[in-house]
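1. Coordinates for the following, if possible.
(one chain, ligands or ions: 1)
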Amino acid sequence: MLVEKNVPLQPFNTFHIVAKAQALVRITQESDVLAVLADPEWGATPKFVLGGGSNIVLTGDVKPLVLKVEVKGRRLVSETAKAFIVEAGAGEVWHDFVAWTLAQGYPGLENMALIPGTVGASPVQNVGAYGVELQDRFESLDAMDLQTGQVFTLNAAQCAFGYRDSVFKHGGTVQRGVHQTMGLKDRALILRVKFALPKAWKPVLGYADIEKKMAEHGCTTPAAQQIFDWVCAVRRAKLPDPAVIGNVGSFFKNPTVTPEQCADIIARDPKVVHYHLADGAIKLAAGWLIDSCGWKGKSVGQAGVFEKQALVLVNRGAGTDGNGATGGEVMTLAKAIQTSVYERFGILLEPEPVVV
Ligand code: EPU
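-> Numbers count the residues shown, from 1 in each chain. Reported below is the predicted structural model:
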């Protein structure tokens, strides 16, 4: 087992924040995890699972042993009457996997093209874009219990998917020896994910950005590859490429409010962007709330609010020279944004990434 010491994490987090892992082991297969667990020095030490680093804010060096997931492989596992069941290793790059499924003739993931990160990280926050969420295409996943070394399989219900949420974002709570809530944060390492891609594929349309592309191209029944290309174009036009400008995508979740709260906001700000949800609640566009508080283009140190999308915080100095934003600057900026949105709208924005 190779334990690398003092490993720079800047290349392994899409915010390009400078930090080090005191110790890091690369995981390419189950046996690598088992070797860690059986090791007299490392077996019992706390562990931190690192995927594509696309949803974390590093606020200092990482003290737990970093398990960097590099499990590869993608294949058609089986076919049912309704779906192609396709599997990918947790270390596969998400976007490359989406492109591969389309090239193989298995559409269904095209609306989620170009989401940064790895396949293994995708269920953790139930990634989603342009009307499709991971849970809509999810079949099951295999994960390893980091305490017992046992591999287990979870279906969608067991993953407890929510909006940018799953069982992997929560720690379990135990009170007086009784499990109050189930959570797998820091407890499980996702090895492989299976997707069910529908044979009776239908395009998922209805999102304003996609509708606009359809009108521009005079196309009412786009193919999956066409949607993939449009989603890539839309994202490239308004979201910063993490390879160039460090970021973790949306920094806050879009909040939901009651119709009464929304009516109250509309009375003061008639232009507030909002969407009616099936359960009667109303989702507000956090980007709009932040934008209307005047945050676009503002900075704290080298951490800034992206000029074209106020929901995205960026690292303005993300060179390899160490002059980029610190995690502290990012969090100070995030807190200032939360405060101003709260003071104006009475809504506390919830961050999307995991703060480490
Ligand atoms: N808006 C503004 N000003 C801004 C940003 C947005 O007025 O600075 C307005 C837009 O004009 C639009 C509305 O807010 O009317 C929503 O904006 P957008 O369509 O860009 O989507 P979003 O709600 O900000 C969500 C996801 C994205 C996903 C897009 C498309 C969340 C937190 N974010 O963004 O996901 O790509 O929809 O489906 O749900 C991510 O999670 O990292 C991510 C990028």
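
2. is the ligand contacted by the longest helix anywhere in the chain?
-> Assignment by DSSP state H gives helix 327-345 as the longest helix of the chain. No - Helix 327-345 lies out of reach of the ligand by CB under 6 Å from any ligand atom, never closer than 11.6 Å. C-betas here are computed from N, CA, C, even on glycine.

3. elements contacting that helix?
-> Contacting helix 327-345 under the criterion 3 or more CB pairs under 8 Å, 6 or more residues apart in numbering; DSSP states H and E are the following elements: strand 56-57, helix 286-292, strand 299-300, strand 303-305, strand 312-315.

4. 6 Å - rerun?
-> Judged by 3 or more CB pairs under 6 Å, 6 or more residues apart in numbering; DSSP states H and E, helix 327-345 is in contact with helix 286-292, strand 299-300, strand 303-305.

5. Off-centre distance for the first one?
-> Same thing as helix 286-292. Centroid displacement of helix 286-292 relative to its chain, using CA atoms, centre = their mean, to the nearest Å, is 20 Å.

6. Where does residue 266 sit, in terms of helix or strand?
-> According to DSSP states H and E, residue 266 maps onto helix 259-268.

7. any idea how far that helix is from the chain center?
-> Worked out by CA atoms, centre = their mean, helix 259-268 lies 30 Å from the chain centre.

8. Tell me how many other residues crowd the closest residue to residue 15 other than its chain neighbours.
-> Excluding the flanking residues, the one nearest residue 15 by CB to CB, 6 or more residues apart in numbering is residue 246, at 4.5 Å. Close neighbours of residue 246, defined as other CB atoms under 10 Å, add up to 25.

9. List the backbone torsions phi and psi for residue 246.
-> Here the main-chain torsion angles of residue 246 (degrees, to the nearest 10) amount to phi -60, psi 130.

10. Can you pull the residues of the stretch 201-350 of the chain lying near the ligand?
-> For the stretch 201-350 of the chain, the contact set with the ligand under CB under 6 Å from any ligand atom comprises 249-250, 253-254, 273, 285, 287-288, 291, 296, 309-311.

11. Filter the residues you listed down to just the buried residues.
-> Neighbour counting by 16 or more other CB atoms under 10 Å classes 249-250, 253-254, 285, 287-288, 291, 296, 309-311 among these as buried.

12. can you pull out the strands in the stretch 1-150 of the chain?
-> 4-8, 20-27, 47-50, 56-57, 65-69, 74-79, 83-89, 128-129, 132-133, 138-145 (DSSP state E, counting those that start in this stretch).
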